[in-house]
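Asks: Predicted model, plus sequence, below.
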Amino acid sequence: FWSQEFIETDTPSLVFSPGMEPYICPVAVENRTFLQTSPEFAMKKILSQGFSKIFQICKCYRLEPKSSTHQPEFTMLEWYRTNSNYEAIMDDTEKLFAHIAKALNFNSYNIQKKWPRFTIEEAFRKFAGVELTEFLPAKTKEFAELCVKKGLVSKTDSLLWDDCFFLVMMNLVEPELARLDTPAIVHLYPESQAALSNLIKDSRGYQWAKRFEVYAGGLELANAFDELTDAKIQRMRFEKDMKLRAQLGLPASPIDEDFLKALQTLPPSGGIALG
C-alpha cells in the first residue's frame, strides 16, 4: 500500500455507532459505546475530507459464535479509493494476494492465475442449480419451499428471504467454490443485501447490489462495496436495518449522523474489508 501511495490511517476503536447491518453483533461497552466492528465509518469520514487512497490494519470485534474460522476479536485490513469503483478494488485484491504469495514463496494455491469472477446469479445457477431470479422480488414462501426440497431445512416456518439465500449460499455454493484451484470473486448481490453499496439495474429490471466477496479455500475472506454516497438513501437503509435487528432480537445501534453528513461530500469510491 505504501508503494501504491496509500496513506495509513488510525481511527478510534471505541465508537458510538458500530454499524447497522442486521447480522453483525457488536460488543457493547459502558456509557453507550461499542468496540468497532469495522473502521468503515471513520475511514469514509476521512475520505470525505479530501484524502484519496487510504488503508488501515486494526483490531475489530464481533460477537459471533466462536469457531475454527472466527474469534470475537480479529484483525481487519480495510482500504478505500475515491474517484474509483469496486472493479478497481477487485484488481487491488488480486494484486495484493499475488504480492504476498510472492513475498512468502507461497505456491500451494494458484494465486497468480487470473481469478474467476461470478455474479451471484451465475454462482447460484452453476454451483447450486438455482435460478435466483425465480425468487425475486422477495418470493419468500417459494424460496423456503425450495430449501426444504433441497434438504437444507426441515420446515419453512419463520424463514426470511435472506435466511433462504444464506442456506443455499453456505450449503451449496460455498463448498463448490472451495473446489476451485484459485480464489474467486462473487459480485452483484441481491438488493436486500446492498448495505452501504450502490445498486445497478439490469436489462430485465432486476436490481443488484454493487458489492463483491472474495472466497478462497471455501472461506469468505473479504467484503467490498461500490460505495453509496446518497445520504438520504443510506438513512432509509439504516432505519430498515434497525427494524430488522429488532425483529431478530438484536440490540439497536444509534445512527451515526456524522457519517451521513460525510456522505454528502464523499466522491464515487470503492472500498473493502478483509478479515
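Replies: All right, it came through fine.
Asks: Show me where the stretch 101-250 of the chain has its helices.
Replies: 120-123, 140-149, 161-168, 174-177, 231-247 (DSSP state H, counting those that start in this stretch).
Asks: closest one to residue 196 among those helices?
Replies: Closest to residue 196 of the helices of the stretch 101-250 of the chain, according to C-beta to C-beta: helix 231-247, at 6.8 Å. In this view, the C-beta of every residue, glycine as well, is placed from N, C-alpha and C.
Asks: need the strands for this protein, in chain order.
Replies: 7-8, 14-15, 27-29, 33-35, 53-61, 73-82, 117-119, 184-190, 199-201, 207-216, 219-226, 269-274 (DSSP state E).
Asks: which outside residues touch the fifth one?
Replies: The contact list for strand 53-61 (C-beta atoms under 8 Å, 6 or more residues apart in numbering) reads 1, 4-11, 13, 26-27, 35-39, 43, 46-47, 72-82, 275.
Asks: Would you mark the buried spots in that strand?
Replies: Neighbour counts over strand 53-61 (16 or more other C-beta atoms under 10 Å) mark 53-56, 58, 60-61 as buried.
Asks: partners of it in the sheet?
Replies: strand 7-8 (parallel), strand 73-82 (antiparallel) (DSSP bridges).
Asks: Looking at those, which one is packed in the most?
Replies: Mean neighbour count, computed with mean count of other C-beta atoms under 10 Å, is highest for strand 73-82 among the strands paired with strand 53-61, reaching a mean of 19.
Asks: For the most centrally placed residue in the chain, give me the pLDDT.
Replies: Centroid-nearest residue in the chain: residue 223, 3.4 Å away (criterion: C-alpha atoms, centre = their mean). At residue 223, the pLDDT value in this model is 97.
Asks: Does it have any beta-bridge partners, and if so which?
Replies: residue 213, residue 273.
Asks: Residue 213 is in contact with that one, correct?
Replies: Yes - between residue 223 and residue 213 there is a contact at 5.4 Å, judged by C-beta atoms under 8 Å.
Asks: Can you check which residues contact both of those two?
Replies: With C-beta under 8 Å, 6+ apart, residue 223 and residue 213 have no common neighbours.
Asks: With distance to residue 67 added, can I get the helices of the stretch 101-250 of the chain in a markdown table?
Replies: What follows is the helices of the stretch 101-250 of the chain, written out as a markdown table (distance: least, C-beta to C-beta, whole Å):
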| stretch | distance to residue 67 |
| --- | --- |
| helix 120-123 | 23 |
| helix 140-149 | 22 |
| helix 161-168 | 16 |
| helix 174-177 | 15 |
| helix 231-247 | 22 |
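Asks: which stretch in these has the least confidence?
Replies: When I compare those, helix 231-247 is least confident, with a mean of 92.
Asks: how far is that helix from where the chain is centred?
Replies: 16 Å (C-alpha atoms, centre = their mean, to the nearest Å).
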